[in-house]
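Undergrad: All I have is the shape, not the residue letters:
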């Protein structure tokens, strides 16, 4: 039993990314894992306070018309304290939106990690649009201090059949740059979270951009053909994602 | 209805009802500000506390913060109120109750009066207590429960071993369990938050923990923290269910948001007890709560989050739970903004739960968008250890890779047990001695992962 144990213990260790077998200094952590943890937390904290790089995103999405706006949350502190304000567009921004005959609108918001948006959003928009063929896509709206539900108001103002909100998820210690994509059919203020579909953990080392784009394009086509989104639009390959997304409310 | 008003330096402060008064008296908290019910100023908050301090306890039996007709939690609180237990304190005001708790009350007197106190009374007295009051008073409250271990005994603190995994991989879960056992954790429960709530998955995880427990003769209980309806189905499938878990809140509407009501909880309680799997006791329920859950579910009735949290304890105590855990920092900064608010809330929840007769543990935790870090968790963990918390959470390296938040670690448990001379549950302590993990001086020997596995006779295989 003990002869082959090192191999099996290695297998145990390899089966989880949890911080196990860290060793001890007295009762405490050894110095290296202590500092590793603090570095991971520092990355997450920085991600929460990183700003949306709207200029770079607009430049990279040069094939799209871009509209910039902000939510009613004045700064990060208010954004964190008042999620309701992060779900509402600053009135000055709304006037820039003109309704059109759009199949889809993309809203790119900082969420809880602008780092994720700065790194992943452009590539995802480009990859999804490439898969959508003849869809009429509305101008891309960039939002500072935005939460998921802000897409309802924006999508409604644009007259879009569906809205996809891309935003940074709450940073974890293992990844501070996870992007989330939330799809809502027939966006209008008051939509419930159960009426959305979510693809989460989009990042290098998580769900790759190409896979996320496939899943998102599939969801968008299904939503359009069935004229709905949310829990009624779950597919087996996505049910695990939906289940994990249900644990916490979206940013 | 009595009038709630006072004059301070020539300014009149009045509060329209008990809910308004309680909300205004609460220490500053982002969730109450979000709900629009926080005090407008610090002086208004003090005015509310003066009014509250003079309020007779009997007022709380005459006025409900959530209407009796609309809410089964209110009905539970008032219908279950024990007048005989209440008698020794019936003449007191809230201010007088504070002084009685901190002064004359013995542990036995506090235990006897618990069924006579309502959640709103507990919330009210906590609002006029400082942190040191919350600690000193909680230390006096003893709530002992048992299943395969006995929890809440003086001088002891247990740990829930929380071996979560983002895909529920049994080998990964087993690895985290081994890591925790080697640091003396798991006497409160080995409890997994499943990533998916399917019955097959729940049965797989329950079977995994149960087989490990039996193979190594570990005196503890297991739990997969799925929805109560899933656990009932698992029981019907013959799965080894020790404890039934459920998140609960302080209003009927918030509980409906969790997909539960009192009838369903009664059914689950009876189904779980009928299995008779406990050896030293039959407390079979595990509840989790947290300030802000009712507002999050849009079911707060204009009542502050700390008072509603106490009402969740009324739901819990109806079912004689083994464990009640306030997951204090999990909900995020819109409810508890920073470490000051998290620490205060953790001490309030622990004290109020204990005062109401519940076996309180606290998940000392935070998320990455809250203004808090591990230093703050060290502070709260130490304070709760002094306060006599029944159990805390142990996660590998304090990093829960499934729920994506930071809690306390196995190392933290070693620290606080050593610093405050706290021992594990007696049955578990005997096991730690039998497998030679104890160092004989109240600590745990520093044994590496591989060697520890061999010592337990674990070949590294997973059931």
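TA: All right, it came through fine. Just so it is clear, the model here is predicted, and its values are computed rather than measured.
Undergrad: Pull the contacting residues for residue B:97.
TA: By C-beta atoms under 8 Å, 6 or more residues apart in numbering or on different chains, the contact set of residue B:97 is B:57, B:89, B:121, B:125. For the C-beta atoms, the positions are set from N, CA and C on the backbone; glycine is no exception.
Undergrad: now for those residues, which pair is the farthest apart?
TA: The distance between the two most remote of the contacts of residue B:97 (C-beta to C-beta) is 10.3 Å, for B:89 and B:125.
Undergrad: what are the ranges of the strands in chain B?
TA: Using DSSP state E, the strands of chain B run over residues B:4-8, B:11-15, B:145-146, B:150-151, B:158-161, B:189-192, B:222-224, B:244-247, B:285-289, B:323-327, B:360-363, B:391-394, B:399-400, B:405-406.
Undergrad: leaving aside the residues next to it on the chain, what's closest to the closest residue to chain B within the stretch 151-251 of chain A?
TA: Using C-beta to the nearest C-beta, residue A:172 is the residue of the stretch 151-251 of chain A that sits closest to chain B, at 4.0 Å. Excluding the flanking residues, the one nearest residue A:172 by C-beta to C-beta, 6 or more residues apart in numbering or on different chains is residue B:404, at 4.0 Å.
Undergrad: I figured residue B:135 hits residue B:346, correct?
TA: No - using C-beta atoms under 8 Å, residue B:135 is not in contact with residue B:346, being 10.8 Å away.
Undergrad: what's around residue B:98, how many residues?
TA: 20 (other C-beta atoms under 10 Å in any protein chain shown).
Undergrad: Assign a three-state SS to the residue nearest the centre of chain A, would you?
TA: Most central in chain A under C-alpha atoms, centre = their mean is residue A:180, positioned 1.8 Å from the mean C-alpha point. Here residue A:180 takes the strand state, with states given by DSSP: H, G, I helix; E, B strand; the rest coil.
Undergrad: Beta-bridge partners for residue B:289, please?
TA: residue B:326 (DSSP bridges).
Undergrad: quick one, what contacts it?
TA: Applying C-beta under 8 Å, 6+ apart, the residues near residue B:289 are B:247-249, B:309, B:312-313, B:316, B:324-327, B:349.
Undergrad: Recalculate using a threshold of 10 Å.
TA: Residue B:289 sits next to B:247-250, B:308-313, B:315-316, B:324-328, B:349, B:353, B:358, B:360 when contact means C-beta atoms under 10 Å, 6 or more residues apart in numbering or on different chains.
Undergrad: What ranges in the stretch 151-251 of chain A fall below the confidence cut-off?
TA: Scanning the stretch 151-251 of chain A with the threshold set as pLDDT under 70 gives A:234-251.
Undergrad: Could you pull out the helices in chain A for me?
TA: Secondary structure of chain A (DSSP state H): helices located at A:5-14, A:31-49, A:54-60, A:76-81, A:83-86, A:91-94, A:114-131, A:150-158, A:209-226, A:236-245.
Undergrad: Any buried residues in the third one, and which?
TA: It refers to helix A:54-60. A:54, A:57-58 (16 or more other C-beta atoms under 10 Å in any protein chain shown).
Undergrad: what about residue B:146, distance to chain A?
TA: Distance check for residue B:146 against chain A: by C-beta to the nearest C-beta, to the nearest Å, it reads 27 Å.
Undergrad: out of the contacts of residue B:289, which are inside helices?
TA: Reading helices off those with DSSP H, I get B:308-313, B:315-316, B:349, B:353.
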